[in-house]
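Participant: Got a predicted structure here, sequence first:
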Amino acid sequence: MSVAPVAYAVETHGLVKEFAGFRAVNGVDLRLEAGKVHALVGPNGAGKTSLFNLLTGFLRPTAGRVVILGDDATGLPPEGIARRGVARSFQITSLFDQLTALEHAELALQAASALGYRFWASEGALDRYRPRSRELLSEVGLADLADRPAGKLPYGQKRALELALAMALDPRLLLLDEPTAGMGVEDIRRTIDLIRKARAGRTVVLVEHNMGVVAELADQVIVLQQGRVIAQGSYAAVREDPAVVAAYLGQAHV
Amino acid sequence: MRRGLVLLPYAVGIAVALALPRVMYPVLALDILLWGLFAMSVDLLLGYVGLLSFGHAAFWGLGAYAAAIAAKSADIPFALAAILGAGASALLAVPFGYLATRRRGIYFAMVTLAFAQLVFYVANEWRDLTGGENGLHGVPRTFPGLSLGRSADFYYAALPLITLGYFLAYRIVHSPFGHVLVAIRDNEPRAQALGYATWRYKVLAFVLSGGLAGLAGGLFALGNGFASLDLLHWTTSGQAVLITILGGIGTLWGSLLGAVIVLELRDALTSAPEASGVVTGAVFVVIVLAFRRGLWATGRDALRRFAAPPVSARIDISGGEVRHGRS
């Protein structure tokens, strides 16, 4: 993509999200350097997923601003954020059960065009995306399951398809919500390798509970607790931070 | 060979459509095809976007009134009047769709019902234009070079336009647009995260659906020679939903099958109107219990099992769920 590089892929200024008086996100100021992998960690209820939804337009902030890839994106709807070159995956596998894996990839590739509005066109018009779709599916190890409806894929493969969907958008910023949640050791291994490949030329932000994954992938770790950032830095630095140890790693780190 | 098999159902369908007025009362035959198209427009939303409209009588009725008024006030070919009806309904569907698609589930159904009631009362009050409770009678139907006096003549004259309506519905479902609709039905937030402005797709689907219902309603008024308030009544919306469910949601062609059953039943029971509701209701309950996915999907799968395809084609069956009514 020939867009001028920005120093920070994500900036937030005094970001607040309140749910009926409860502050899920409580004044978060972030500056996430472009081209790096950033991990958001923190105990359950720390506001990671709320923050994620604020960055991707699924929630509107109560106060504060969101700047994505250099442009103010506060209050944009999810599709508006997506069109700026942001792709996200969901914590709970979120696919189109009745569509095949191949149709998923085609749908994601088609999203950049206006083809979707052509109700008068034959679905043969989608054939142009077939080669690239197959390529994407084989990159995530789904080549043999291309014609299987997503609802009938095993769990690990569903997660892989999630990743393929995000990659199909060729995003500048990739946000992954717990990409390894519920996975076995082998699938985790493969996912780490996939994210490593995917990060080339992109900024990646991931919410992750598995500290092994964070240690392997993240250039920078941001620790959230009760809606605030309590520490940030390299994994090694953050894990020594007394506030973090007290809040989180002390009990959860295995 | 394979291609021939794919086209076979269409050939059969055209043959049946051509033979229909010879085996049954032509007015009934026309009503069946038009109610089928009307129910398809409901299925387009219900089966492919997951939106249950309980107010489609507004579009069917407006199409009927618009076509009737056009035909009565100007000497225009019936096809033009019907297309005007479709256009009027599509136009009305823009604001209705814009507002209704902000809601989903039961709330969407309630909002569409409320809009349809609004149209009903406006039509009732605006007597100069609609004839109020009397409706509009003596709606002429003409076409240069054709004499359309007999019902059977009009049936054949209207058939190309009706077929075009079916084709449009089919094309909408089997287009890149249709794929996005199914994605929205299955998982709207996911579609948004891919960059789709899903509300625009829903409004467009609503407008297309309203236009198809209007086309069917317009032809209905021209074919029967009248437009009356009961076309706008909420029970008309209910009957369209009933036909869709009987035939099978998300099958498109099932709506035609449902229309055959409901209209034949109604016709057979005209001498005992008080029994009509009970019998239709009983048939509905039996069919919904016995054929959970509707008549079309159940029948199609039974046929496929009967045809016992080779193993390679069997994968197609599970995939057949994906693109409804493709075969």
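Facilitator: Right, received. Where do you want to start? Numbers count the residues shown, from 1 in each chain, chains lettered A, B, ... in the order given.

Participant: near chain A, which residues of the stretch 151-300 of chain B?
Facilitator: B:171-172, B:174-180, B:182-183, B:186-187, B:189-198, B:200-201, B:204, B:208 (CB under 8 Å from any CB of the partner chain). For glycine as for every other residue, the C-beta is placed from the backbone atoms N, C-alpha and C.

Participant: where along the stretch 1-150 of chain A do the strands fall?
Facilitator: A:8-19, A:22-33, A:37-41, A:63-68, A:71-72, A:86-88 (DSSP state E, counting those that start in this stretch).

Participant: Sorry, wrong one. I was asking about the stretch 151-254 of chain A.
Facilitator: Taking DSSP E, counting those that start in this stretch as the criterion, the stretch 151-254 of chain A carries its strands at A:173-177, A:203-207, A:220-225, A:228-233.

Participant: hmm, back to that, possible to save the strands of the stretch 1-150 of chain A as TSV with mean pLDDT and mean neighbour count?
Facilitator: Below are those laid out as TSV (pLDDT from 0 to 100; neighbours: other CB atoms under 10 Å in any protein chain shown):
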stretch	mean pLDDT	mean neighbour count
strand A:8-19	91	19
strand A:22-33	90	18
strand A:37-41	93	24
strand A:63-68	93	18
strand A:71-72	92	11
strand A:86-88	93	28
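
Participant: Do I have it right that residue A:34 meets residue A:7?
Facilitator: Yes - assessed by CB atoms under 8 Å, residue A:34 is found in contact with residue A:7 at 6.3 Å.

Participant: who's more crowded, those two?
Facilitator: When residue A:34 and residue A:7 are compared for neighbours, residue A:34 comes out ahead with 16 against 10, by other CB atoms under 10 Å in any protein chain shown.

Participant: Could you find the closest non-adjacent residue to the more buried one?
Facilitator: residue A:9 (4.4 Å; CB to CB, 6 or more residues apart in numbering or on different chains).

Participant: list the contacts for the one you found?
Facilitator: By CB atoms under 8 Å, 6 or more residues apart in numbering or on different chains, the residues touching residue A:9 are A:32-35, A:68-69, A:172-173, A:203, A:205.

Participant: Need the residues you listed in JSON lines (columns: distance to residue B:124).
Facilitator: Output for the contacts of residue A:9, formatted as JSON lines (distance: CB to CB, whole Å):
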{"residue": "A:32", "distance to residue B:124": "61"}
{"residue": "A:33", "distance to residue B:124": "66"}
{"residue": "A:34", "distance to residue B:124": "63"}
{"residue": "A:35", "distance to residue B:124": "66"}
{"residue": "A:68", "distance to residue B:124": "53"}
{"residue": "A:69", "distance to residue B:124": "56"}
{"residue": "A:172", "distance to residue B:124": "57"}
{"residue": "A:173", "distance to residue B:124": "56"}
{"residue": "A:203", "distance to residue B:124": "61"}
{"residue": "A:205", "distance to residue B:124": "58"}
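
Participant: what does the stretch 151-254 of chain A put close to chain B?
Facilitator: Counting by CB under 8 Å from any CB, the stretch 151-254 of chain A sits next to chain B at A:152, A:165, A:169.

Participant: show me what contacts the last one?
Facilitator: Contacts for residue A:169 (CB under 8 Å, 6+ apart) come out as A:82, A:85, A:87, A:108, A:111-112, B:194-195.

Participant: list the buried ones in stretch B:79-91?
Facilitator: B:79, B:81-91 (16 or more other CB atoms under 10 Å in any protein chain shown).

Participant: Chain A: which of those is nearest?
Facilitator: Lowest distance from chain A to the buried residues of stretch B:79-91 (CB to the nearest CB) belongs to residue B:90, with 12.6 Å.
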